[in-house]
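Chemist: return atomic coordinates for the entry below.
(chains A, B, C and D)
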Protein chains: 4
Amino acid sequence: MSQSNQIKAESIFRQMYDQDAFSQWLGIEAVEHDIGKSVLKMTIRPEMLNGFGIAHGGITFSFADSAFAFASNSHGRLSVSIETSISHLVALKAGDVIFAKAKEIHITHKTGIYTVDVTKSDGTLVAVFKGTVYRKSKEWKI
Amino acid sequence: MSQSNQIKAESIFRQMYDQDAFSQWLGIEAVEHDIGKSVLKMTIRPEMLNGFGIAHGGITFSFADSAFAFASNSHGRLSVSIETSISHLVALKAGDVIFAKAKEIHITHKTGIYTVDVTKSDGTLVAVFKGTVYRKSKEWKI
Amino acid sequence: MSQSNQIKAESIFRQMYDQDAFSQWLGIEAVEHDIGKSVLKMTIRPEMLNGFGIAHGGITFSFADSAFAFASNSHGRLSVSIETSISHLVALKAGDVIFAKAKEIHITHKTGIYTVDVTKSDGTLVAVFKGTVYRKSKEWKI
Amino acid sequence: MSQSNQIKAESIFRQMYDQDAFSQWLGIEAVEHDIGKSVLKMTIRPEMLNGFGIAHGGITFSFADSAFAFASNSHGRLSVSIETSISHLVALKAGDVIFAKAKEIHITHKTGIYTVDVTKSDGTLVAVFKGTVYRKSKEWKI
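Modeler: Got it, this is the predicted structure:
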């Protein structure tokens, strides 16, 4: 990864994240910026749990969905989610620190496909996410 | 729908919802209870928006995922999500009131498949969700 | 449904189907043509079975995928699949006659979302399919 | 991979494949056998094309679905598909030789999740597939 790519990806991340109230509520932090890639970190809090005392499925999804949005927008074109899916593998408890690693699988002029692995600090795979974006012609200012 | 089914479904909903901190944060209200079915309502708030000024994809997912959980657990058996997907059709703004209608497509001894339609008050379809659960042998107390 | 819509949808179906060797191998017949819609019929044959003596999952998928293609192309714009999913509910045997009903859920200038229900003659739901297309600017000749 | 694992996986593959008329029609060959894994090869033939002159989406799906079935059954327990999805990335023509590599993502007593990458001989990624099985208690004879 080149330094200019990281700077471009970080600039777009900042524009998105600084206005993104829900990602802020989640407590998302960026670990790595690059074109077509995003690594994020967050900690499960008590207010994120469901009736089983484990993280609500929507929390892991939201976290992966944010990584997907940052990775797909990092090229500089506005990209919007058209289809996403998630498989939950392992339950999470309050205090668990998790990472989302979004990876670009394929990109065309108009669409892009990404996978996101959500893992615990010890590397345990917690959820697998797949998402497809439609890439608009509108560009981010960099 | 019989009255006893509604009472059973409501009893399980209460046990799940009263401990479900995240569904409470979302401001989810139950509109209708029945076996294999769930209708919920919520309002989009400013803290649920992403960097585009529209509801974060994780909000609509979480809302649909809660309806899916209530519907699939309403039979009385503990049911856990194994695979879910969502297609976002229409953007939501702060103040929008939305409904989730979870419907049972198929159920076997061990698995169940549900679809959830998310709509606005005027009936506009906002998102379509599909989910599969694994049905444990453990039962809810009713 | 208007008569002109049916004629347009049928014209596009013919152009697609007459060149579609695999749909022909499947023995697909059109039951109904309309814009954004497709109803197809086929019969499970012994050469479509897997090692369990039931229809291979790829057969039901292929059948639903064809209905999805006919429905999404019926508007007159070339439409290509970008994401599809299927849940198999009921096993099929040789001799079973099945129907696929493709329905348009949402359409924008560039993308379209469809669901396909696959049923047996007696109405039993066999599989549920969801698909997303990217709509090219190139048009079919009508 | 140990030799006994390969022998076990191959024995189950043979029992499944020798009765699997549709995988035989596809011309599927096994490249590698192992527990929780399957690598297959096939060649696109003219009768597998759709109305666009490229491989029907159902062909790539069926190929990936077979790899998924062989990988998930290789542990010795009968495993049936409950949910699958595929994203088609690159069109295939008659004569193209393709490979499917099924990989186990997560397995529990009752469910298993697999991804399958479909590639061309030159390594180009053609499609990404994800599948979930329900693992029955019935066992294969080995």
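Chemist: for the rest of this, base every contact and every neighbour count on C-alpha atoms.
Modeler: Noted.
Chemist: give me the low-pLDDT residue ranges for chain A?
Modeler: A:1 (pLDDT under 70).
Chemist: what lies in contact with the host helix or strand of A:Ile7?
Modeler: Element membership of A:Ile7 [criterion: DSSP states H and E] is helix A:3-17. Applying C-alpha atoms under 8 Å, 6 or more residues apart in numbering or on different chains, the contact partners of helix A:3-17 are A:23-24, A:33-35, A:70, A:73-76, A:140-142, B:50-52.
Chemist: now it: buried residues?
Modeler: Across helix A:3-17, burial judged by 16 or more other C-alpha atoms under 10 Å in any protein chain shown covers A:Asn5, A:Gln6, A:Lys8, A:Ala9, A:Glu10, A:Ser11, A:Ile12, A:Phe13, A:Met16, A:Tyr17.
Chemist: mind checking how far the second one is from chain B?
Modeler: Distance from A:Gln6 to chain B, counting by C-alpha to the nearest C-alpha, to the nearest Å: 20 Å.
Chemist: again, but for the third one
Modeler: Using C-alpha to the nearest C-alpha, A:Lys8 is found at 17 Å from chain B.
Chemist: tell me the one of the buried residues of helix A:3-17 nearest D:Ser87?
Modeler: A:Ala9 (25.8 Å; C-alpha to C-alpha).
Chemist: chain neighbours aside, what residue packs nearest to that closest one?
Modeler: Using C-alpha to C-alpha, 6 or more residues apart in numbering or on different chains and skipping residues adjacent in sequence, the residue nearest A:Ala9 is A:Ser74, 4.8 Å away.
Chemist: ok, back up a step: ok, the buried residues of helix A:3-17 vs C:Gly123, which is closest?
Modeler: A:Met16 (48.0 Å).
Chemist: what secondary structure does A:Val39 sit in?
Modeler: With DSSP: H, G, I helix; E, B strand; the rest coil as the basis, the three-state label of A:Val39 is strand.
Chemist: one more: A:Ile86?
Modeler: strand.
Chemist: so it sits against A:Ser62, correct?
Modeler: No - the pair formed by A:Ile86 and A:Ser62 falls short of the contact definition of C-alpha atoms under 8 Å, at 10.3 Å.
Chemist: determine how far the particular helix or strand that has A:Val80 in it lies from the middle of the whole chain.
Modeler: Using DSSP H and E, A:Val80 falls within strand A:77-88. When C-alpha coordinates are averaged (C-alpha atoms, centre = their mean, to the nearest Å), strand A:77-88 and its chain have centres 10 Å apart.
Chemist: residue contacts, A:Met48?
Modeler: Neighbouring residues of A:Met48 by C-alpha under 8 Å, 6+ apart: A:Ala55, A:His56, A:Ile59, A:Ala94, B:Ala21, B:Phe22.
Chemist: 7 Å instead?
Modeler: A:Met48 sits next to A:Ala55, A:His56, A:Ile59, B:Ala21, B:Phe22 when contact means C-alpha atoms under 7 Å, 6 or more residues apart in numbering or on different chains.
Chemist: surely A:Phe61 is within a helix?
Modeler: Yes - counting by three-state DSSP, A:Phe61 is found in a helix.
Chemist: from chain B, how far off is it?
Modeler: 6 Å.
Chemist: leaving out sequence neighbours, find the closest residue to that residue.
Modeler: A:Phe61 sits nearest to B:Gly58 (C-alpha to C-alpha, 6+ apart), 6.1 Å away.
Chemist: now A:His106
Modeler: Nearest in space to A:His106, with sequence neighbours left out and distances taken as C-alpha to C-alpha, 6+ apart, is A:Ile113 at 5.3 Å.
Chemist: ok so, going back, what pairs with the strand holding A:Val80, parallel or antiparallel?
Modeler: Strand A:77-88 pairs in its sheet with strand A:125-139 (antiparallel), strand B:77-88 (antiparallel), by DSSP bridges.
Chemist: most tightly packed of those strands?
Modeler: Across the strands paired with strand A:77-88, the average number of neighbours (mean count of other C-alpha atoms under 10 Å in any protein chain shown) peaks for strand B:77-88, which reaches a mean of 23.
Chemist: alpha carbons only: can I get it in CSV?
Modeler: This file holds the C-alpha atoms of strand B:77-88, laid out as CSV (Å, rounded to 0.1, in the frame of the first residue of the first chain):
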residue,chain,number,x,y,z
ARG,B,77,-38.3,-23.0,21.2
LEU,B,78,-35.0,-21.0,21.6
SER,B,79,-34.0,-20.1,18.0
VAL,B,80,-30.8,-18.6,17.0
SER,B,81,-29.9,-16.8,13.7
ILE,B,82,-27.5,-18.7,11.4
GLU,B,83,-27.8,-16.6,8.2
THR,B,84,-29.4,-13.3,7.3
SER,B,85,-29.4,-11.0,4.3
ILE,B,86,-30.9,-7.5,3.6
SER,B,87,-31.4,-5.4,0.5
HIS,B,88,-31.8,-1.7,1.2
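Chemist: doesn't the residue nearest to A:Phe61 lie inside a helix?
Modeler: Yes - applying three-state DSSP, one finds B:Gly58 inside a helix.
Chemist: what's the burial count for it?
Modeler: Residues near B:Gly58, counting by other C-alpha atoms under 10 Å in any protein chain shown, number 26.
Chemist: OK, contacts around it?
Modeler: Contacts of B:Gly58 by C-alpha under 7 Å, 6+ apart are A:Gly58, A:Phe61, A:Ser62, A:Asp65.
Chemist: in those residues, find the pair that's most separated.
Modeler: Across those, no pair lies farther apart than A:Gly58 and A:Asp65, at 9.9 Å, counting by C-alpha to C-alpha.
Chemist: so is A:Lys101 in a helix, a strand, or just coil?
Modeler: Under three-state DSSP, A:Lys101 falls in the strand class.
Chemist: excluding chain neighbours, what is closest to it?
Modeler: A:Val39 is the one closest to A:Lys101 (C-alpha to C-alpha, 6+ apart), at 4.6 Å.
Chemist: list the contacts of that neighbour.
Modeler: Going by C-alpha under 7 Å, 6+ apart, A:Val39 touches A:Ala30, A:Val31, A:Glu32, A:His33, A:Ala67, A:Phe99, A:Ala100, A:Lys101, A:Ala102.
Chemist: my understanding was that the last one contacts A:Val116; is that so?
Modeler: Right, A:Ala102. Yes - between A:Ala102 and A:Val116 there is a contact under C-alpha atoms under 7 Å: 4.2 Å.
Chemist: could you name every residue contacting both of the two?
Modeler: Common neighbours of A:Ala102 and A:Val116 (criterion: C-alpha under 7 Å, 6+ apart): A:Phe68.
Chemist: in strands, which of the contacts of helix A:3-17 fall?
Modeler: Counting by DSSP state E, the part of the contacts of helix A:3-17 found in strands is A:His33, A:Asp34.
Chemist: select from the contacts of helix A:3-17 the one having the most neighbours.
Modeler: Neighbour tally across these (other C-alpha under 10 Å): the maximum, 28 neighbours, falls on A:Phe70.
Chemist: roughly how far does that residue sit from chain C?
Modeler: Relative to chain C, A:Phe70 is positioned 21 Å away (C-alpha to the nearest C-alpha).
Chemist: OK, contacts around that residue?
Modeler: Contacts here follow C-alpha under 7 Å, 6+ apart; on that basis A:Phe70 touches A:Phe13, A:Ser38.
Chemist: so how far is C:Gly57 from it?
Modeler: 35 Å (C-alpha to C-alpha, to the nearest Å).
Chemist: between the buried residues of helix A:3-17, which is nearest chain B?
Modeler: A:Met16 (4.6 Å; C-alpha to the nearest C-alpha).
Chemist: how much space between the closest one and D:Arg77?
Modeler: From A:Met16 across to D:Arg77, the span is 47 Å (C-alpha to C-alpha).
Chemist: quick check, nearest of the contacts of B:Gly58 to B:Pro46?
Modeler: Taking C-alpha to C-alpha as the measure, A:Ser62 is the one of the contacts of B:Gly58 closest to B:Pro46, at 16.1 Å.
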